[in-house]
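*Asks:* build me a model from this:
(2 chains)
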Amino acid sequence: MTRLRIGPLERAERRLGLLLLLPAFALLAGVVLYPIATLLWTSTQQMHLAQPWLEGFVGLENYRRALEDDRFWSSMGNTALYVIITVPGAVVLGLALAMLANLPFRVKWPVRLGLLLPWALPLVFAGLIFRWFFEYEQGVVNAMLHAFGAEPLRWLSTPSLAFIATSLAIIWKSSSFVALVLLAGLQAIPASLYEAADVDGASFWQKFWRITLPMLIPALVVAMIFRTITAIQTFDIPYAMTGGGPGHATETLAMYVHRTTIDVLDFGYGSALAALMFLISLSVTSVYIGHIRRDEGTGG
Amino acid sequence: MRLPSFRRSTFLAALIIAANGFIPALWVFFTSMKTETELMRVPITILPDAPTAENYVRVFVDQPILVFMTNSFVVASLSTLLCVIVSALAAYAIVRLRVPMGTLVLSAIVLVSMFPLISLMVPLFQIMRGLGLLNTWPALILPYAVLSMPVCTLVLASFFQDIPEDLEKAAMIDGCTRLGAMWRIIMPLSGPGVFTAAILAFVNAWDEFLLALTLSSRVPSRTLPVGITLYQGEFAFPWPIISAALIVAIVPICVLIVVFQERVVGGLTAGGVKG
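*Replies:* The predicted structure is shown next:
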């Protein structure tokens, strides 16, 4: 047994360090860890707040019930579809915005604010605004269709169109954050690379594929992981635009959890659904943590 | 990417970005000055025919928007204060005091606070209900402080790192304690970092919807996002009034980002790219 010899001053410093971490730990324990333990425990219970006399331990019954629940699978499918559509959508739009924003502007504030405003807007407000755009009679989208001689569409009451409308709102809202992250990545690319390419007479697309994209991969990965983590939790925008409808066409897993617990008061089953969601999300987050830790390891 | 100095192409690029960012809000602004009858007209008008402030009056007189606003302000400010204090202490401990496995602690903070809100919402509802805290400010302040802890800790840690350690050593030789040195040297010097962290935390809290919807759904305790989304008109969704309310609710955020735009961008990308 060899103990690292450390001086009394250093030991006092360490003690102070742990003391300073205490408030953060206390907050995390109270607001996150204890609730998660409660969640896992509740997920093994029959617990319906409207039928308190039926409460009791049921083991994994709530999870078994989820596997046989069509609405669970449909909300899961919708969530997956939102991830598949809105993550690449936001990354492509965000990349386009970032490349435009990287041009040498004399006046920078219109560009900066143009990127910041969608980011700063609450998600539900973006949802409300797009709901207003896609209204059948008074909405601006149908007015534009009309101007081009097309028939107006029932955007929010047709399942596939409602999905498209909500996805567009999500992509618009989240692309600005992606753009800001990618812009920082673009600005870190040394100008000398482009100068050398210019000397060799490279075209715009050659420079894009050979320099910009490869150099931007770390920022793209971060943006994509972030967007995926938030896309899994999609709630606000469909809630504000369609309420999950028509039928359950735009209902996500998060919305189904909310409905099962807060509206139906079935906390046992709702907790099992939320626990499943927690596991899915945790696996994506750990990819992200692995990513930053690897970056630190290589000094990148 | 070096483009030849085509002033016109950079102008076009700025126009596209600004249009993408501003047009939705601008459209809402125009709507907020239209009357219900003008909205029913076909084809629709872009600019209001006869701009009216009536919708704004109705938002303040007929709807409890001042109550929503107060709730939003109190919850966002107090959670920001709590978050910045707790994150600053943690960041200082990790950066300066050589806490064993500092990066691991930092990763743990980030991991834990990135747990999905929807999973926390269910047990938090039970816990807050048990404590009798539903529909109170603390029910939102505590979770919101955690919500922004990762970004605040990362931003502050990177600012603290850039301050030369000699400054604190000098202060401590002059008789300052560790905490005294942190308070007198580090905090003033990382003022911009503290500010950035605070703005990000404030915007996060101001925008949050899911927890506010579940933990604080009674009308007098609603925050702005919940209050406006759950507006009930007598018949259809009252778009002119909703639009006016949206404008009222996003003005404070707009002021924040206009005044502090560079810091917000810097903070977001520090939190995003560095972790």
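*Asks:* what's the spacing between the residue most central in space within chain B and chain A?
*Replies:* Central residue of chain B (C-alpha atoms, centre = their mean): B:Val203, 0.7 Å from the mean position. Remark: distance between B:Val203 and chain A (C-beta to the nearest C-beta, to the nearest Å) = 6 Å. Placement of C-beta: from N, CA and C, glycine included.
*Asks:* which ones are touching that residue?
*Replies:* Residues near B:Val203 by C-beta atoms under 8 Å, 6 or more residues apart in numbering or on different chains: A:Ala120, B:Ile253, B:Leu256, B:Ile257, B:Val264.
*Asks:* quick one: which of the residues you listed is nearest A:Gly94?
*Replies:* A:Ala120 (15.7 Å; C-beta to C-beta).
*Asks:* report how many residues lie close to that closest one.
*Replies:* By other C-beta atoms under 10 Å in any protein chain shown, 21 other residues sit near A:Ala120.
*Asks:* what's the closest non-adjacent residue to A:Gly56?
*Replies:* A:Gln46 (5.5 Å; C-beta to C-beta, 6 or more residues apart in numbering or on different chains).
*Asks:* over to that neighbour: give its phi and psi.
*Replies:* Here is the backbone geometry of A:Gln46 (degrees, to the nearest 10): phi -90, psi 120.
*Asks:* rounded mean pLDDT for the helix or strand containing A:Ile229, please.
*Replies:* Using DSSP states H and E, A:Ile229 sits within helix A:213-232. For helix A:213-232, mean pLDDT rounds to 89.
*Asks:* check whether it contacts chain B.
*Replies:* Yes: part of helix A:213-232 sits near chain B under the criterion C-beta under 8 Å from any C-beta of the partner chain, namely A:Pro218, A:Ala219, A:Val222, A:Ala223, A:Phe226, A:Ile229, A:Ile232.
*Asks:* quick check, pLDDT for the residue nearest to A:Gly56.
*Replies:* pLDDT, A:Gln46: 85.
*Asks:* pretty sure it contacts A:Gly268?
*Replies:* Yes: using C-beta atoms under 8 Å, A:Gln46 makes contact with A:Gly268 at a distance of 4.9 Å.
*Asks:* so what sits against both of these two?
*Replies:* A:Val58, A:Asn62.
*Asks:* quick one, which of the contacts of B:Val203 are buried?
*Replies:* A:Ala120, B:Ile253, B:Leu256, B:Ile257, B:Val264 (16 or more other C-beta atoms under 10 Å in any protein chain shown).
*Asks:* can you pull the contacts of the residue nearest to the second one when sequence neighbours are not counted?
*Replies:* Think B:Ile253. Leaving aside its chain neighbours, B:Ile253 sits nearest to A:Ala120 (4.8 Å; criterion: C-beta to C-beta, 6+ apart). Applying C-beta under 8 Å, 6+ apart to A:Ala120 gives the contacts B:Val203, B:Asp207, B:Ile250, B:Ile253, B:Cys254, B:Leu256, B:Ile257, B:Val264.
*Asks:* which residues touch the second one?
*Replies:* In this case it means B:Asp207. B:Asp207 neighbours (C-beta under 8 Å, 6+ apart): A:Ala120, A:Leu121, A:Pro122, A:Leu123, B:Pro225, B:Ile253.
*Asks:* okay, and which of those map to helices?
*Replies:* Using DSSP state H, A:Ala120, A:Leu123, B:Pro225, B:Ile253 are the members of the contacts of B:Asp207 that sit in helices.
*Asks:* can you list those residues in JSON lines and add pLDDT and distance to B:Ala91?
*Replies:* What follows is the ones in helices among the contacts of B:Asp207, written out as JSON lines (pLDDT from 0 to 100; distance: C-beta to C-beta, whole Å):
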{"residue": "A:Ala120", "pLDDT": "90", "distance to B:Ala91": "24"}
{"residue": "A:Leu123", "pLDDT": "94", "distance to B:Ala91": "28"}
{"residue": "B:Pro225", "pLDDT": "94", "distance to B:Ala91": "29"}
{"residue": "B:Ile253", "pLDDT": "88", "distance to B:Ala91": "26"}
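*Asks:* what's the closest of those to A:Leu193?
*Replies:* Using C-beta to C-beta, these come closest to A:Leu193 at A:Ala120, 33.2 Å.
*Asks:* between the ones in helices among the contacts of B:Asp207, which is nearest A:Lys108?
*Replies:* A:Ala120 (17.3 Å).
*Asks:* relative to B:Ile65, how far out is the closest one?
*Replies:* Look at A:Ala120 and B:Ile65: by C-beta to C-beta, to the nearest Å, they are 19 Å apart.
*Asks:* pLDDT weak spots in chain B?
*Replies:* B:1-7, B:113, B:232-236, B:270-275 (pLDDT under 70).
*Asks:* closest one to A:Trp53 out of the contacts of A:Ala120, please.
*Replies:* Using C-beta to C-beta, the contacts of A:Ala120 come closest to A:Trp53 at B:Asp207, 40.6 Å.
*Asks:* with the flanking residues excluded, which residue is spatially nearest to B:Ser87?
*Replies:* B:Cys152 is the one closest to B:Ser87 (C-beta to C-beta, 6+ apart), at 3.8 Å.
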